[in-house]
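>>> All I have is the shape, not the residue letters:
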């Protein structure tokens, strides 16, 4: 049941923003960490203040600030809680992007969200099961390292996260999950999975489909020999 639909029936200038915020908050608040709950509460108070002052344009900016500061941790927490909730989270992020087309997310957390949500929609549950624990490990390490709150990690922590991504790619190669290889290739050097006949000076980025073809060619050559 939609607890906030009544807002859309009002003449309030900010009704769409208010409906978005309250429905988005309701969808994940109970499952969120104490930190994210405090962030929600703080921004809710700020939004209420802006509403009373009739600063309607600032309301959208306030929501944007909340998402910019917290969405990557929210993605990680939702994944660790229930990956099937990623579909709703993806919808809510895209709903906001319609309000603010200039709002852009460029990070591995959002990229993983899109890939996994799309795999769920296509009912690729078998492939999700294969990589699920590895992605969970990556997100869990990020939260344990406090990466999202302090925006700074040690070199050893960075190395461990990189190793997590290499483990994910290795499994994706084994099970031909090209879309996730494409994502990881933006954050790690996947040419390391195919050292022979690859000039890393010329090939700055190998997409997943290209890597799979190179590996397939290598396998065929070894069989011919």
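Arrived safely, thanks for sending. Keep in mind that what you see is a predicted model, and the values were worked out from it rather than measured.

>>> excluding its backbone neighbours, what's nearest residue 131?
Closest residue to residue 131 apart from its sequence neighbours, by Cβ to Cβ, 6 or more residues apart in numbering: residue 171 at 5.5 Å. For every residue, glycine as well, the C-beta is placed using N, CA and C.

>>> got the buried residues for the strand or helix carrying the one you found?
Using DSSP states H and E, the element containing residue 171 is helix 155-175. Buried residues in helix 155-175, counting neighbours by 16 or more other Cβ atoms under 10 Å, are found at 157, 160, 161, 164, 165, 167, 168, 169, 171, 172, 173.

>>> Need the residues that contact that helix.
Residues external to helix 155-175 that are found in contact with it (Cβ atoms under 8 Å, 6 or more residues apart in numbering): 108, 127, 130-131, 134-135, 137-138, 141-142, 145, 147, 153, 177-178, 180-181, 184-185, 187-188, 190, 192-193, 208, 211-212, 215.

>>> from the residues you listed, which would you call buried?
Of the contacts of helix 155-175, these count as buried by 16+ other Cβ under 10 Å: 108, 127, 131, 134-135, 137-138, 141-142, 145, 147, 153, 177, 180-181, 184-185, 188, 190, 193, 208, 211-212.

>>> Can you list which of those residues are found in helices?
Per DSSP state H, helices hold the following members of the buried ones among the contacts of helix 155-175: 108, 127, 131, 134-135, 137-138, 141-142, 147, 180-181, 184, 208, 211-212.

>>> now, which of those sits nearest residue 13?
residue 108 (37.2 Å; Cβ to Cβ).

>>> Can you name the residues that contact the closest one?
For residue 108, the contact set (Cβ under 8 Å, 6+ apart) comprises 165, 183, 184, 186, 187.

>>> Tell me the confidence at the spatially most central residue of the chain?
The chain has residue 110 as the residue nearest its centroid, 2.4 Å off, counting by Cα atoms, centre = their mean. We have a pLDDT of 97 for residue 110.

>>> Which helix runs longest in this structure?
helix 56-81.

>>> picking up where we left off before, okay, and the residue nearest to the centre of the chain sits in which element?
Going by DSSP H and E, residue 110 is part of helix 108-121.

>>> Lovely, talk soon.
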